[in-house]
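Q: quick check, what structure comes out for this input:
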Amino acid sequence: MDQIEIIANSTENSAGVAKQDCGKKCPWGSTSYVSVPCSLTDVMSEELAKELQKEEEITAFQNVVVVDEMPFVTGDNIDTSSDMVLAQMLQMEYDREFDAQLKREEKKFNGDSKVTVSFENYRKLQPFDSDSSEDEVDWQDTRHDPYKADKPSATPKKGFTGKGKDITTKHDEVVCGRKNTARMENFAPEFQVGDGLGMDLKLSNHVFNALKQYSYNEQRRSARLHEKKEHSTAEKAVDPKTRLLLYKMVNAGILESVTGCISEGKESVVFYAKGGKMEDKVVPEECAIKVFKTTLNEFKNRDKYIKDDYRFKERFSKLNPRKVIRMWAEKEMHNLTRMQQAGILCPEVVILKKHVLVMSFIGKDQVPAPKLKDVKLSREDMKQAYYQVLYMMQQLYHECNLVHADLSEYNLLWHDGKVWLIDVSQSVEPTHPYGLQFLFRDCTNVSQFFQKSGVMETLNERELFNAVSNLNITADNEVDFIAEIETLQKVNEDHTQLHGKKTAEFHSDSGDPPIIDE
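A: A predicted model of the protein is given here:
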């Protein structure tokens, strides 16, 4: 067949050339299209049609990801007589199509965003990959760790393996050792056992039982420490329950804020707080929060101050050790109330919540008043302080019917030129079985301190005891003096038991601060 040339009109050619020249000179000019001559055979060719169609698809779908077509698996080199092989071939082809569609969806979803979302978890996992080596491990397709030692195989029910001379029972030393090593993985997480299986470690029954008991003991000890930390107030006295009580006071408006720790003792910790307001009582601007420690370790001799006190004798026998702490706080609240009614300088009680006692702050601008042992006073001021303490002890004994039982320079504060008395939770009545002994001890501490401070008018402990109690015990030495005190205590105890004196209930005192037991 003759070739038919398609020649454009000369005018069109000239126009095309002009446009082409203009396109070269002017960047905004339209480009010229030069027709390429072709034969009728090429036009009728099927291959040319496929190429044109492919070019049109590429031009029309530029953003579509073109997936390389995998070579179609034919039956030339594979036996297709088996239905299983055909099913596998169809499944592989389906997986390829699914993955290709998933990849197009991922591309369309992400677009040009810098943050992309991967659909890799939804891709079909191929059963094998001819490009990967046999030694390569697909970590997503297996749960087996090739670097982890295998656990010893279990002994069959019959109790042995092998035959004849090669028989191995479940009591074999090597078998038992490996099993014991594997069983160490069941210990508590806190007990580090290491990689015994990897080292092929063999533990005897004796060693394994010892380690097992040690792990059990450590687990119980850890649980006890955790419980102690959560339920006790040994360290700075702030456990979750105590914090909850403080939060409730702040939320109720009784306190505005709670700040740092002022002091810490064997029985309690004192914090500073800003006072709020109450409906039926005026709250001081500066408050002291005394939190009693709920552990019985640091002050183990609390019992004798409470169980022998006739005000608490019946209640003490019915309480567990933790509830005794609340009674200890309640005891200080009532003792302070008595002292305040008698005019003794002491903190004013605001409110009591369980083992948390809120009082007025002795000091100014968050600076607590110094203890008498720390303050440096002149000789005249120290002499005045001694007379104030002497008068305070007499008031405490006769008007409040109390003995401090722990009076010393550590529980006396110097504020505004006066002595203030604190820490009266252990104070008891003179009728206590050890009340007079406690009084004599207080007199000894006070006399020794002021004698060391250079106060010449200081009485000795026996003279101070008689001046406070008015008992007028005449003994030449300390031993006989203490013996007479013990005799008086015995007579007093018999007299009390004979007359059936019981607890003097605190609610008989008027004007007690509110007690909140939630």
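Q: so what's residue 184 closest to, chain neighbours aside?
A: In space, residue 184 comes closest to residue 193 once its chain neighbours are excluded; the distance is 4.3 Å by CB to CB, 6 or more residues apart in numbering. In this view, the C-beta of every residue, glycine as well, is placed from N, C-alpha and C.
Q: torsion angles phi and psi at that neighbour?
A: phi -100, psi -20 (degrees, to the nearest 10).
Q: same question for residue 272.
A: Dihedral angles of residue 272 (phi, psi; degrees, to the nearest 10) stand at phi -100, psi 140.
Q: quickly find the element holding the residue lying closest to it once chain neighbours are set aside.
A: Leaving aside its chain neighbours, residue 272 sits nearest to residue 259 (4.9 Å; criterion: CB to CB, 6+ apart). In this structure, residue 259 sits in strand 255-264 according to DSSP states H and E.
Q: so which bits of that strand are buried?
A: Neighbour-count burial for strand 255-264, counted by 16 or more other CB atoms under 10 Å, picks out 255, 258, 262.
Q: stretch 277-289 now?
A: 283, 284, 286, 287, 288, 289.
Q: for it, C-alpha coordinates in PDB please.
A: Only the C-alpha atoms of stretch 277-289 are listed here, as PDB (Å, rounded to 0.1, in the frame of the first residue of the first chain):
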ATOM      1  CA  LYS A 277     -13.100  31.500 109.400                       C
ATOM      2  CA  MET A 278     -15.800  29.500 111.200                       C
ATOM      3  CA  GLU A 279     -19.400  30.400 111.900                       C
ATOM      4  CA  ASP A 280     -19.300  29.900 115.700                       C
ATOM      5  CA  LYS A 281     -15.700  30.700 116.500                       C
ATOM      6  CA  VAL A 282     -13.000  33.200 115.600                       C
ATOM      7  CA  VAL A 283     -10.000  31.500 113.900                       C
ATOM      8  CA  PRO A 284      -6.600  33.200 114.500                       C
ATOM      9  CA  GLU A 285      -4.800  34.600 111.500                       C
ATOM     10  CA  GLU A 286      -1.800  32.300 112.100                       C
ATOM     11  CA  CYS A 287      -2.400  28.700 113.100                       C
ATOM     12  CA  ALA A 288      -0.400  25.700 114.100                       C
ATOM     13  CA  ILE A 289      -1.500  22.300 113.000                       C
END
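Q: before we move on, the earlier item: packing partners of the strand holding residue 259?
A: With contacts taken as 3 or more CB pairs under 8 Å, 6 or more residues apart in numbering; DSSP states H and E, strand 255-264 sits against helix 240-251, strand 268-275, strand 286-292.
Q: before we move on, the earlier item: between the buried residues of strand 255-264, which is nearest residue 56?
A: residue 258 (79.6 Å; CB to CB).
Q: now do the closest one, the pLDDT please.
A: If you check residue 258, the pLDDT there is 91.
Q: can I assume it is in contact with residue 287?
A: No: with contact defined as CB atoms under 8 Å, residue 258 does not reach residue 287; the gap is 9.0 Å.
Q: so what sits against both of those two?
A: 272, 273 (CB atoms under 8 Å, 6 or more residues apart in numbering).
Q: what's residue 282 sitting at in phi/psi?
A: phi -90, psi 120.
Q: can you give me the helices for the stretch 401-518 of the chain?
A: 435-452, 461-469, 478-498 (DSSP state H, counting those that start in this stretch).
Q: would you list these in CSV and tack on mean neighbour count?
A: Below are those laid out as CSV (neighbours: other CB atoms under 10 Å):
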stretch, mean neighbour count
helix 435-452, 20
helix 461-469, 19
helix 478-498, 13
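Q: pLDDT weak spots in the stretch 51-200 of the chain?
A: Low-confidence segments of the stretch 51-200 of the chain (pLDDT under 70): 60-80, 125-159, 188-190, 195-198.
Q: all helices for it, in order.
A: Counting by DSSP H, counting those that start in this stretch, the stretch 51-200 of the chain has helices at residues 83-110, 173-183.
Q: which of the ones you listed is buried the deepest?
A: Among the helices of the stretch 51-200 of the chain, ranked by average contacts under mean count of other CB atoms under 10 Å, first place goes to helix 173-183 (a mean of 18).
Q: which strands and helices sit next to that helix?
A: Here helix 173-183 touches helix 205-231, going by 3+ CB pairs under 8 Å, 6+ apart.
Q: let me see the mean pLDDT of the helix it packs on.
A: For helix 205-231, the mean pLDDT works out to 75.
Q: same deal with stretch 426-433?
A: Stretch 426-433 comes out at a mean pLDDT of 88.
Q: can you tell me the distance between the two ends of that stretch?
A: Using CA to CA, to the nearest Å, the end-to-end distance of stretch 426-433 comes to 14 Å.
Q: what about the stretch 401-518 of the chain, any weak spots by pLDDT?
A: In the stretch 401-518 of the chain the weaker segments, taking pLDDT under 70 as the threshold, are 493-518.
Q: apply 90 and report the result again.
A: 425-426, 429-435, 471-479, 485-518 (pLDDT under 90).
Q: thinking again about what came up before, pLDDT and distance to residue 275 added to the buried residues of stretch 277-289, as JSON lines?
A: Listed next are the buried residues of stretch 277-289 as JSON lines, based on pLDDT from 0 to 100; distance: CB to CB, whole Å:
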{"residue": "283", "pLDDT": "93", "distance to residue 275": "4"}
{"residue": "284", "pLDDT": "93", "distance to residue 275": "5"}
{"residue": "286", "pLDDT": "94", "distance to residue 275": "6"}
{"residue": "287", "pLDDT": "95", "distance to residue 275": "5"}
{"residue": "288", "pLDDT": "95", "distance to residue 275": "10"}
{"residue": "289", "pLDDT": "95", "distance to residue 275": "11"}
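Q: picking up where we left off before, deepest-packed of the helices and strands packed on strand 255-264, please.
A: A comparison of those by mean neighbour count, using mean count of other CB under 10 Å, puts strand 286-292 on top with a mean of 24.
Q: what angle separates that one from strand 268-275?
A: Calculated by axes from the mean of the first three to the mean of the last three CA atoms, to 10 degrees, strand 286-292 forms an angle of 150 degrees with strand 268-275.
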